[in-house]
Every structure is written in C-alpha cells, then in structure tokens.
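**Student:** can you look at this prediction? I've put the sequence above it.
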Amino acid sequence: MSWSTATQTHPQATLTTNPMVTTSWELPGYRIVHNLGVVRGITVRSRSVVGNFAAGVQSLFGGNITILTTLCEHARAEAFDLMLQHASAMGANAVVSMRYDATEIMQGATEVLAYGTAVIVEEA
C-alpha cells in the first residue's frame, strides 16, 4: 500500500509521534521506495558544578552514577528527537541504519550525535 493514497495520512505527520527507526539496513515488513539521505540530530551537554559534586559523591560509593546516567539519557533522547525532526522535514517516514556517536569536545562538555538514513517505506 502506498502512502500517496488519498485515504492515508502522510508519513511525515507520524514520524515524530510513531517513529519507525532501526539500526539495520531494512525495516521488516516494509520495503524502501526512496532513499532521502543522511539525517542527524546533535546536542552538546555539560555537567554543572552541582552535578559534578553529586557525581563525585556517588562515585565514592561505587555502582551506577545515576546523575551522569540521567544526563547521558537526556542527551541521547534529545539527539534522537532532533534526528527525527530532520527526517520528518525531509519527508521521510522511517530511518534506517541509525547510530549514536559521542565525543568529549572540551573538559566537561560532550557532543552526542544521532544519525541515520532517512527513507520512505511502504508495506511489503
């Protein structure tokens, strides 16, 4: 079934609310009908003085440093959402080959990048 049918919602309207994203080259049950190119979302996050202090205290006791885990999760979620917005703006209804990358760009500041290939898919 093609998304161009008049009775269906355009895929751009649902990508950010119902994302079809995979780390593989294909989406099971769908076939890629158009490759729109690379999409990305990027954010740069830093720890606050309070966050550094609290993380230091948590590290004294070992285990999961929840303050830093939360910071990382928020950064990844923001980068992912920005990538979906980029894909949606290009008219995609799915993203394949999605990946994350992170780089410390200065002491205490980390860049998180979510990227993939924006595509238009149809049910197989």
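**Tutor:** Nice, I can see it. Residues are numbered from 1 along each chain as shown.
**Student:** now the spatially most central residue of the chain: closest residue in space that isn't a chain neighbour?
**Tutor:** Centroid check for the chain by C-alpha atoms, centre = their mean gives residue 80 as the closest residue, at 1.8 Å. Once flanking residues are discounted, residue 80 sits nearest to residue 114: 4.7 Å by C-beta to C-beta, 6 or more residues apart in numbering. (Glycine included, C-beta is placed from N, CA and C.)
**Student:** and what of residue 79?
**Tutor:** Nearest to residue 79 is residue 114, by C-beta to C-beta, 6+ apart, at 3.9 Å.
**Student:** so what's the one you found bridging to?
**Tutor:** Per DSSP bridges, the residues bridged to residue 114 are residue 41, residue 100.
**Student:** list the contacts for it?
**Tutor:** Residues touching residue 114, when contacts are defined by C-beta atoms under 8 Å, 6 or more residues apart in numbering, comprise 40, 41, 42, 76, 79, 80, 82, 83, 98, 99, 100.
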